[in-house]
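**Student:** Quick one: sequence plus predicted model below, questions after.
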Amino acid sequence: MATAEEALMKKSGDIYRSILHDEADNTTQWRHGGPPTYDSVNQLFEQGRTKEWPKGSLEEVVQNAIKSWEMELSHKIRLQDFKTINPDKFKLIVNGRKGLSGEETLGLGSYNALLKSSLPKEFQCYKADEETFESSHDAFRSAFPRGFAWEVLSVYSGPPVISFKFRHWGFFEGSFKGHAPTGEKVEFLGLGVLQVDESLRAEEVEIYYDPAELFGGLLKAPLISPSQPESEDNTVNVAAAAAHGCPFSK
């Protein structure tokens, strides 16, 4: 017999991103023609999470809000269709760098926005300014074919300024930028500060984490694609970055 959670999943489609089933007006413009499905990454999340928060708890609310925001950023084309942010005030700040507006973040895509760096090119493990929205998502979808799961580990303060600790993980089962997959779990931890309005829409998001934890797992295997034009340079870049801890920061 189906559990209440399974029944809700069947009815709504996604128990972690409820706004997916609130699109009754059909005016939302989707990047890939329609709402996405998260069955694979939801399964990865449920199998690998370290916390299971009580229904209705602040931790669950924050966790689902961030999952919903990521969904909109990855799959909606127009900022006006977003339900998780205040588009007039939104700003994304990563590792203390200059904040990005909603339109800038949407144009770059989540991966490029989170991985931008002003370090010299030879120390960049990932060159966000040379990637498009599509190429960045293709690269990480290839690396993590089962998805890249995300969970809240702790929430330190409630709205309007929510501070939290998070964990991001996936299994490196596909190639990344020509590097062979290892099959190993790749994960990193980080901290976030989320300022929200009275409707719990995000107005400012600050994220702090060490990208070396991510790229240490993705770049450890040798290059397997001789057609990669930057193969030789990339080997030098990886070695140089490793020597400096791949210090993505300001």
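**Tutor:** Good, I have the coordinates. None of these values were measured; they are calculated from a predicted model. Residues are numbered from 1 along each chain as shown.
**Student:** For the spatially closest residue to residue 60 that is not a sequence neighbour, give me its contacts.
**Tutor:** What sits nearest to residue 60 in space, not counting adjacent residues and going by Cβ to Cβ, 6 or more residues apart in numbering, is residue 53, at 4.1 Å. Using the backbone N, CA and C atoms, a C-beta is placed for each residue, glycine as well. Going by Cβ atoms under 8 Å, 6 or more residues apart in numbering, residue 53 touches 59, 60, 63, 152.
**Student:** same thing but 10 Å
**Tutor:** Residues near residue 53 by Cβ atoms under 10 Å, 6 or more residues apart in numbering: 59, 60, 61, 62, 63, 64, 151, 152, 155.
**Student:** Just the closest of those residues to residue 30, please.
**Tutor:** Set against residue 30, the nearest of these by Cβ to Cβ is residue 64 (20.0 Å).
**Student:** Give me the neighbour count for the closest one.
**Tutor:** As a burial measure, residue 64 scores 18 neighbours (other Cβ atoms under 10 Å).
**Student:** Report the secondary structure element holding it.
**Tutor:** Using DSSP states H and E, residue 64 falls within helix 58-75.
**Student:** Can you mark which positions in the very next helix or strand once past that helix are buried?
**Tutor:** Next helix or strand after helix 58-75 toward the C-terminus (DSSP H and E): strand 91-94. Going by neighbour count (16 or more other Cβ atoms under 10 Å), the buried part of strand 91-94 is 91, 92, 94.
**Student:** And the pLDDT at residue 39?
**Tutor:** pLDDT, residue 39: 95.
**Student:** so how far is stretch 43-63 off the chain centroid?
**Tutor:** Taking the mean of its C-alpha atoms, stretch 43-63 sits 16 Å from the chain's own mean (Cα atoms, centre = their mean, to the nearest Å).
**Student:** tell me the contacts of the residue lying closest to residue 80 once chain neighbours are set aside?
**Tutor:** The spatially closest residue to residue 80, leaving aside those adjacent along the chain, is residue 87, at 6.8 Å (Cβ to Cβ, 6+ apart). Residues near residue 87 by Cβ under 10 Å, 6+ apart: 78, 79, 80, 81, 101, 102, 103, 106, 201, 203.
**Student:** Let's see that with 8 Å instead.
**Tutor:** Contacts of residue 87 by Cβ under 8 Å, 6+ apart are 79, 80, 102.
**Student:** Any of those buried? List them.
**Tutor:** Buried among the contacts of residue 87 by 16+ other Cβ under 10 Å: 79, 102.
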